[in-house]
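> what follows is a predicted protein model with its sequence.
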Amino acid sequence: MTDLLAATRASYDAVADNYAEFIAGKLEGLPMMRAVLGAFAELVDGPVAEIGCGPGNITSYLASLGMDIHGIDLSPRMVEIARAAYPALRFEVGSMTSLDLADGSLRGLIAWYSIHHLPPAELPGVLASFHRILIPGGRLLIGSHAGQEEHRRPTEGYGGIPVTYESFIQPVERLVELVRDAGFTITAELVEPGDKPGRKYLSLFAQKD
């Protein structure tokens with residue numbers, strides 16, 4: 001495990017309980033997000049993985065829409081919280097940089113606000129693994145911070161707890177290009193204003209060629 005991955009894992013272990021409390025119930029007040037997730041659920045029939053599932057709220061929501069889905073997260077504490085909150089669902093510890101999933105084993109894959117923690121140089125390899133895991137015609141949904149290129153190094157998060165993870169913001173056009181270069185066809189994209197000047201929220205639908 002690289003130093004950056006280890007720092008991200010330790011940071012999310014530290015903030016996991018506060019983070020789970022912070023996001024509890026937020027989806028109810030986000031109609032656009034629910035619409036995006038609902039569309040993904042309608043498009044995919046078969047096994048799905050959420051990569052970077054955190055405390056399991058998105059995995060659980062998609063399961064409630066009928067998806068056959070399980071969650072994977074880098075943080076053991078996040079996985080522990082998810083398993084306790086949603087005992088009927090499967091959650092595993094794992095990294096998107098080394099996914100232990102067979103070729104063509106999934107019909108859908110979602111990475112919801114998790115890829116921004118990866119350095120840009122690592123994204124092509126990660127997206128190639130997403131492509132490998134999906135069946136031909138399989139669906140990918142990425143949710144991500146986007147906007148002006150920026151490398152953020154926050155020192156605290158979710159209640160003032162010290163963290164050492166990093167965040168790499170990239171333009172929408174660059175993220176779209178990376179997904180295409182990995183062998184996907186872009187089928188839809190939604191760009192919403194972010195919470196800071198120059199920042200955007202991107203929802204990107206793609207299909208394996």
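Yep, that arrived. Numbering: from 1, shown residues only.
> just checking, Leu89 touches Tyr61?
No - contact criterion C-beta atoms under 8 Å: Leu89 and Tyr61 do not qualify, at 10.9 Å. Bear in mind the C-beta positions are built from the backbone N, C-alpha and C, glycine included.
> so where's the chain uncertain?
For the chain, no stretch has pLDDT under 70.
> the longest strand seen in it - contacts with which helices or strands?
Using DSSP state E, we find that the single longest strand of the chain is strand 134-147. Packing partners of strand 134-147 (3 or more C-beta pairs under 8 Å, 6 or more residues apart in numbering; DSSP states H and E): helix 31-43, strand 106-112, strand 167-169, helix 172-181, strand 199-208.
> that strand: what's the following helix or strand?
strand 150-152 (DSSP states H and E).
> from the chain's centre, how far out does that next one sit?
18 Å (C-alpha atoms, centre = their mean, to the nearest Å).
> so what are the sheet partners of that strand and their directions?
strand 167-169 (antiparallel) (DSSP bridges).
> buried set for the partner strand?
Within strand 167-169, the residues that qualify as buried are 168-169, counting by 16 or more other C-beta atoms under 10 Å.
> again, but for stretch 79-91
Using 16+ other C-beta under 10 Å as the test for burial, stretch 79-91 gives 79-83, 86, 89, 91.
> longest helix in the protein, by residue count?
Counting by DSSP state H, the longest helix found in the chain is helix 3-23.
> work out for me the element the closest residue to Asp17 other than its chain neighbours sits within.
Nearest residue to Asp17, sequence neighbours excluded (C-beta to C-beta, 6 or more residues apart in numbering): Ile81, at 7.0 Å. Under the criterion DSSP H and E, the helix or strand holding Ile81 is helix 76-85.
> what helices or strands is that helix leaning on?
Contact here means 3+ C-beta pairs under 8 Å, 6+ apart; on that basis helix 76-85 packs against helix 3-23, strand 68-73, strand 91-93.
> what's the closest of those to Leu101?
strand 68-73 (8.5 Å; C-beta to C-beta).
> let's have the buried residues of stretch 79-91 in TSV, adding distance to Tyr165.
Output for the buried residues of stretch 79-91, formatted as TSV (distance: C-beta to C-beta, whole Å):
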residue	distance to Tyr165
Val79	17
Glu80	19
Ile81	17
Ala82	19
Arg83	22
Tyr86	24
Leu89	25
Phe91	20
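> now for the closest residue to Ala20 other than its chain neighbours, how many residues are close by?
Spatial nearest neighbour of Ala20, chain neighbours left out: Pro55 (3.9 Å); criterion: C-beta to C-beta, 6+ apart. A total of 30 residues lie near Pro55 under the criterion other C-beta atoms under 10 Å.
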